[in-house]
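Q: no FASTA, just this:
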């Protein structure tokens, strides 16, 4: 029997192609955040993006501040390559570096604008939420005294029930996230004042979670006999079940923080 030819790369499940941002963030909110940060930035601002992924917010900041330059740190090579391609297409490649390296103890900084959206765990290896004080202390060291930090951080909108926790990520605990008030208190204790506090709404979460899986769901519906179909189905179903468990319970805060001098 003649063996089947290897599956071509074009036949593989797509990855995150419908996501603009790697998180629950609308275009309107992104525009407001970029405008607020750009207004606070000097003409030759430096931008540091912790756990940047493909660095969409950073690239938008560089476009809004024509004299700015940026550095994005992440460990995912595919995301970094996507960021580099986007920078090239937008004429920003000469003003940004996407580096595949850890943010823990990073020597990059201080920067005028520091972005840390959904990636504070990259700054401290402790288990959540114990990493937050050290991560916030690291952010204070990484931002210049006249700068701003954009912190995107998870918080509980209410205390999750045991049944809800059992459906979330493995080992999920009510101690995994603080409440919003506690998160703000931690930021103040680390040497910041909150210039702006906003939280992702239900529409942003649904847009993100749907776009996170949409392309792969369509692929699976058309490739049910593919060698990767079973493991892809298991992954999609598990993630959707987790989302249904934290939907309306887990929030994401966008905090614009001003360092205290």
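A: Nice, thanks for sending it over. Predicted model, so just to flag it, every value in this text is computed and none were measured. Numbers count the residues shown, from 1 in each chain.
Q: residue ranges in the stretch 51-200 of the chain under the pLDDT threshold?
A: Along the stretch 51-200 of the chain, the model assigns pLDDT under 70 to residues 129.
Q: helices of that one, start to end?
A: In the stretch 51-200 of the chain, the segments counted as helices under DSSP state H, counting those that start in this stretch are 56-64, 77-89, 131-142, 162-167, 180-189.
Q: which strand runs longest in the chain?
A: Ranked by number of residues, the top strand in the chain under DSSP state E is strand 143-156.
Q: packing partners of that one?
A: Strand 143-156 sits against helix 27-40, strand 111-117, helix 131-142, helix 180-189, strand 192-199, strand 250-259, with contacts defined as 3 or more C-beta pairs under 8 Å, 6 or more residues apart in numbering; DSSP states H and E. C-beta: built from backbone N, CA, C; applies to glycine.
Q: from the chain's centroid, how far away is that strand?
A: Centroid separation for strand 143-156 versus its chain: 13 Å, with C-alpha atoms, centre = their mean, to the nearest Å.
Q: check stretch 71-87 too.
A: Relative to the chain's own centre, stretch 71-87 is displaced by 13 Å; criterion: C-alpha atoms, centre = their mean.
Q: please apply the same query to stretch 204-214.
A: 14 Å.
Q: contacts for stretch 204-220?
A: Stretch 204-220 has contacts (C-beta atoms under 8 Å, 6 or more residues apart in numbering) with 13-19, 21, 23-26, 29, 200, 229, 232-233, 236, 239-240, 243, 247, 252.
Q: among these, which ones are buried?
A: With burial judged by 16 or more other C-beta atoms under 10 Å, the buried subset of these is 13, 16, 19, 21, 23-26, 29, 200, 232, 236, 243, 252.
Q: does residue 240 lie in a helix or a strand, and which?
A: Following DSSP states H and E, the helix or strand that holds residue 240 is helix 229-246.
Q: please apply the same query to residue 22.
A: Using DSSP H and E, residue 22 sits in no helix or strand.
Q: surely it and residue 57 touch.
A: No: with contact defined as C-beta atoms under 8 Å, residue 22 does not count as touching residue 57 (9.8 Å).
Q: ok, those two, which is more surrounded?
A: More neighbours surround residue 57 than the other of residue 22 and residue 57, with 28 against 23 (other C-beta atoms under 10 Å).
Q: find the nearest non-adjacent residue to that one, please.
A: Excluding its sequence neighbours, the residue lying closest to residue 57 (C-beta to C-beta, 6 or more residues apart in numbering) is residue 115, at 5.8 Å.
Q: distance of residue 118 relative to residue 197?
A: 17 Å (C-beta to C-beta, to the nearest Å).
Q: who's more crowded, those two?
A: Comparing residue 118 with residue 197 by neighbour count (other C-beta under 10 Å), the higher total belongs to residue 118, at 19 against 14.
Q: so that one sits right up against residue 50, yeah?
A: No: using C-beta under 8 Å, residue 118 is not in contact with residue 50; the gap is 9.7 Å.
Q: max-length helix in the protein?
A: helix 202-222 (DSSP state H).
Q: what comes up buried for it?
A: For helix 202-222, the neighbour count (16+ other C-beta under 10 Å) marks 204, 205, 207, 208, 209, 211, 212, 213, 215, 216, 219, 220 as buried.
Q: pLDDT wise, what is the third one at?
A: What the model reports for residue 207 is a pLDDT of 98.
Q: what about stretch 168-187, how long is it end to end?
A: With C-alpha to C-alpha, to the nearest Å as the measure, the ends of stretch 168-187 fall 26 Å from one another.
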